[in-house]
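Colleague: With the sequence up front, the predicted model follows.
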Amino acid sequence: MNWASESGEDMDLTIQQLRIVLAVAREGSFTAAGERMRLAQSSLSRTVAEVERRVGVTLFERTTRQVLLTPAGHEFAAVAERIVGEFDRGVNHFTGFLAGTRGLVRIATLPSLAATLLPPVVSRYRRERPDVRVQIEDALLGQVLERVIGGQADLAVTVLTEPPGPLGFRQIAADHFFCAFPPGDPLGRRRAGEPVPWADLGGREFIAFDRASSVRIFADRGLREAGVRPGPVTEARNIAAVAGLAAAGLGVSAVPGLVLPLIEFARLERRPLERPSLTRPIGVVFDPRRPQAPAVRHFLELLEASPRLGLDLPEGAEWTSAADGR
């Protein structure tokens, strides 16, 4: 700790020296301060004398009965109190950081996962580690992965549409696709829960997600594998916009299970899609080349344990064990 004396010279003082000065000031006695700090009285006397030499002023008025702060001593003690307090708070924070009970976890994720899959996991995590800040940023698929690669996010919770390359991926959940359509559509004549073949969407007006969306990638795959093409296609990026367009009778849409809760407002009907039966693998992405802070590591461990914790997921989605993942 570098201070400047009245002469302008730098003086190096340690936190321990400041603690000793403060202890003597509080106790008003070298003997009592020594007992509190479990140090010999002679050691405290030498330390205070050394501090006074370096500061260049007398900090204590010594009498046969007590030790009192001088006016300069009062000023010094006030400064020392702030410095020691700030140091102790910093050490306490760093100790918590090393233990994983303090810090920041930055998660990049898809909008649907931010609203449906992550909340129960984050809630569980915050109950266990209330002093850790969790920052969630939702974005489209490519942007989510870029944030992990660039170091702007510690983890990504996302859908895997292709091999993750240098990134690590651990699957934790999966969801299936549904056809969403407005009331009165002929598809509604099927019994609730009765599947709709992807081929039945051939030639139908279709509300599609933006091409940068993971939903679009799988929807295109389902139509392609069924060997059909939809009729006129209307594209929208926002989940609510897709639902609103479908509710207005402008077409049917294909949505995964974790999106269903986000379109309830549109009062769309739904049926499972089959032939092919598409499943989106959902998991956590991380960069194995980058060291993880303890709080981040603990969040990753909680995500991996989610299949065993019995947390609720929407219709058409389920947790998967590690053996079910990639």
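Modeller: Nice, I can see it.

Colleague: Tell me which strands the lengthiest strand in the chain pairs with, and in which orientation.
Modeller: For the chain, the longest strand by residue count, based on DSSP state E, is strand 168-181. Sheet pairing of strand 168-181 (DSSP bridges) gives strand 253-256 (antiparallel), strand 269-274 (antiparallel), strand 279-286 (antiparallel), strand 317-319 (antiparallel).

Colleague: After it, which helix or strand is next? Please name it.
Modeller: strand 196-197 (DSSP states H and E).

Colleague: counting contacts, what elements does the following helix or strand past that following strand pack onto?
Modeller: The element immediately downstream of strand 196-197 (helix or strand, assigned by DSSP H and E) is strand 206-209. Packing contacts for strand 206-209, counted by 3 or more Cβ pairs under 8 Å, 6 or more residues apart in numbering; DSSP states H and E, involve helix 214-226, strand 233-236, helix 239-247, strand 253-256. Using the backbone N, CA and C atoms, a C-beta is placed for each residue, glycine as well.

Colleague: Repeat the analysis, applying 7 Å as the threshold.
Modeller: helix 214-226, strand 233-236, helix 239-247 (3 or more Cβ pairs under 7 Å, 6 or more residues apart in numbering; DSSP states H and E).

Colleague: ranking those by burial, who's on top?
Modeller: Ranked by mean neighbour count under mean count of other Cβ atoms under 10 Å, these are led by helix 239-247, which reaches a mean of 20.

Colleague: That one packs against which elements?
Modeller: Using 3+ Cβ pairs under 7 Å, 6+ apart: helix 239-247 touches strand 206-209, strand 233-236.

Colleague: Go ahead and name everything in contact with stretch 159-169.
Modeller: 110, 141, 145, 148, 214, 217, 280-283, 285-288, 326 (Cβ atoms under 7 Å, 6 or more residues apart in numbering).

Colleague: which pair in these spans the largest distance?
Modeller: Greatest spatial distance among these (Cβ to Cβ): Ile217 and Pro288, at 24.8 Å.

Colleague: Could you single out the nearest of the contacts of stretch 159-169 to Thr58?
Modeller: Using Cβ to Cβ, the contacts of stretch 159-169 come closest to Thr58 at Asp287, 57.6 Å.

Colleague: got the contact list for that closest one?
Modeller: Going by Cβ under 7 Å, 6+ apart, the list of residues near Asp287 reads Val148, Ile149, Leu167.

Colleague: How far away from the center of its chain is the longest helix seen in the chain?
Modeller: Ranked by residue count, the top helix of the chain under DSSP state H comes out as helix 71-99. Relative to its chain's centre, helix 71-99 lies at 29 Å (Cα atoms, centre = their mean, to the nearest Å).

Colleague: Kindly report the same for stretch 154-170.
Modeller: Chain-centre distance of stretch 154-170: 16 Å, with Cα atoms, centre = their mean.

Colleague: Just the endpoints, please. Distance across that stretch?
Modeller: 14 Å (Cα to Cα, to the nearest Å).

Colleague: And stretch 110-124, by the same measure?
Modeller: End-to-end distance (Cα to Cα), stretch 110-124: 20 Å.

Colleague: Show me which parts of it are buried, residue by residue.
Modeller: Leu110, Pro111, Ser112, Leu113, Ala114, Ala115, Thr116, Leu117, Leu118, Val121, Val122 (16 or more other Cβ atoms under 10 Å).

Colleague: which other residues reach the helix or strand the third one falls within?
Modeller: So the one you mean is Ser112. Per DSSP H and E, Ser112 falls inside helix 111-115. By Cβ under 7 Å, 6+ apart, the residues outside helix 111-115 that reach it are Ile136, Asp138, Val157, Thr158, Ile239, Leu258, Val259, Leu262, Ile282.
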